[in-house]
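Colleague: model this:
(one chain, ligands or ions: 1)
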Amino acid sequence: MFPVWFLVLEIWSFKFHLVLPPQSFSHQLSPRCRSPVSTDSLNSELRDELRRLSEQGLLRSRREVIPLPGGQCRLNGQTLWNFASNDYLGLADDPRLKQAAIDAIQVSGIGARASPLVTGRTDWHARLESAISRFKQTESAILFPTGFAANLGTIGALAGPDDIVICDRLNHASLIDGIRQTRARLRVIPHGDVTACRQQLQQATGTRRRLIVTDSVFSMDGDHAPLRELHDCAEEFDAILIVDDAHATGVFGDRGTGLLEVAGISASQRVISIGTLSKAIGLQGGFVAGSSVLINWLWNSARTQVYSTALSIPVCAAAVTAFELITAEPERRHWLRETSSQVIAGLRQSGWHVPDPARGPILPVLVGDAALTMQLASALEERGILVAAIRPPTVPAGTARLRVSLCVSHGQEGIAALLDAFQAVRATQQ
Ligand code: PMP
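Modeller: The predicted structure is shown next:
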């Protein structure tokens, strides 16, 4: 436990660290809006920008979804198969997770009541940290409020202006924002291009640290990073490999621990594994698994962890149960992998373009045009299927797509409904 004087000192010093505000992977305001704007005219300028997005078919609108059991949901009075969730293993609604959460609430209440270093880290949090480090086979683990915060906080704690960070072009926004805040030399490489990574490291002279940062499963394409080759590269150039295993944890690997396991890379000082509880675990929150030294450093320097309230107690309790189930019930991830091949084949058969590298529960159906993508998503919705319509700036211009996310709860009934609806919509396109 840290003495009180240490906490006061740390909090004081953190408050005075200068960091660039994290920028998101968001729309750029048009040049007109970069000049100083009075508050009076702000609303009218924002209205113009929103109109511009609408004209480009890029306006986002919010809706209210009512989750239902069995991989379904209700939206605007209609019951739909929900192929737009990240609950790959169907754990968000599992009775055993629900019971674990309820039991924990009965004992300790709901909120953590403070940030972790003050009094927010309870015995529930400690149990979850141990469950994660056992599962990921690392010495230690640390929790974050979200996966986004885990990426932001971890990169912020490890890199600075004297460092170089190699970043895959399709990395998640949280990794990109995490790198930007550090003022490290950012080198964006083409997607999955190990040669470009090697070239950048060869040219990196006079740097303190070299970091290679990558998603393991890319969230908009469902394809996999070349982790083995990136790891070799990290060894050759004495670099650190940071892997966001968000979409792989619980899904890939014999033990279900993710793509580092598949690549045969065990935790070491060179490899940092970041994850989230918000995908296959069915909950919310982020984590980092690694060596004790690394985790102690993050306890002392990851701002998104130190200055944010600890995860809620029912989430911690349910997550411990989720990791037990992932170990005990491998058939869930086996179903996902087998069904993914079946769905890819079915979609291609009815004429849809599913790119080759896709495998696992995230399946992109490439459309190209953003407005057409929205129309197709509505047509599928009319046929009882909810998929995510993904447009720029989340993906590069001209690569708008429908993203199908599989969940064990869909069962064969849901998969048949999905393939039928895609086939029917395709027929209307020809
Ligand atoms: N990394 C990746 C690859 C993601 O897809 C996401 C979520 N979209 C995150 C991190 C952020 O995780 P969370 O939702 O837990 O903040």
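Colleague: Now for A397, how many residues are close by?
Modeller: Neighbours of A397 under the rule other CB atoms under 10 Å: 12. Quick note: C-beta positions are derived from backbone N, CA and C, even for glycine.
Colleague: Correction: the previous question concerned L363.
Modeller: L363 has 25 nearby residues by other CB under 10 Å.
Colleague: Please identify the nearest residue in space to it, excluding sequence neighbours.
Modeller: Sequence neighbours aside, V404 is the residue nearest to L363 in space, at 4.4 Å (criterion: CB to CB, 6 or more residues apart in numbering).
Colleague: Pretty sure that neighbour sits against S340.
Modeller: No. Proximity of V404 to S340 does not meet the contact threshold set by CB atoms under 8 Å, at 9.5 Å.
Colleague: residues shared between the contacts of those two?
Modeller: L363 (CB atoms under 8 Å, 6 or more residues apart in numbering).
Colleague: Using the three-state scheme, assign L336.
Modeller: helix (DSSP: H, G, I helix; E, B strand; the rest coil).
Colleague: So which of V404 and S340 has more stuff around it?
Modeller: Counted by other CB under 10 Å, V404 and S340 do not tie: V404 has more neighbours, with 26 against 20.
Colleague: list the contacts for the closest residue to the ligand within the chain?
Modeller: With CB to the nearest ligand atom as the measure, G147 is the residue of the chain nearest to the ligand, at 2.5 Å. If a contact means CB under 8 Å, 6+ apart, then G147 has 174, 244, 246, 274-279, 285-286 as its contacts.
Colleague: At the contact with the ligand, which residues of the stretch 251-400 of the chain appear?
Modeller: Contacts of the stretch 251-400 of the chain with the ligand, taken as CB under 6 Å from any ligand atom, map to 276, 278, 286.
Colleague: which of these has the most neighbours?
Modeller: Ranked by neighbour count (other CB under 10 Å), these have G286 at the top, with 28 neighbours.
Colleague: coming back round to it: let me know the pLDDT of the residue of the chain closest to the ligand.
Modeller: Among the per-residue scores, G147 shows a pLDDT of 98.
Colleague: Please apply the same query to I11.
Modeller: So, for I11, pLDDT stands at 37.
Colleague: check contacts around the residue nearest to L363.
Modeller: By CB under 8 Å, 6+ apart, the contact set of V404 is 83, 343, 347, 362-365, 387, 418.
Colleague: now do 10 Å
Modeller: V404 sits next to 83-84, 222, 340, 343-344, 347, 352, 354, 358, 361-365, 380, 385, 387-388, 418, 422 when contact means CB atoms under 10 Å, 6 or more residues apart in numbering.
Colleague: so where's the stretch 251-400 of the chain shaky on pLDDT?
Modeller: For the stretch 251-400 of the chain, the stretches with pLDDT under 70 are 358.
Colleague: related to what we said a few turns ago, would you format the contacts of G147 as CSV with secondary structure and distance to A317 included?
Modeller: Output for the contacts of G147, formatted as CSV (DSSP: H, G, I helix; E, B strand; the rest coil; distance: CB to CB, whole Å):
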residue, secondary structure, distance to A317
S174, helix, 26
D244, strand, 25
A246, coil, 22
I274, strand, 22
G275, strand, 18
T276, strand, 18
L277, coil, 12
S278, coil, 16
K279, coil, 19
G285, coil, 12
G286, strand, 17
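Colleague: I'm done for today, thanks for sticking with me.
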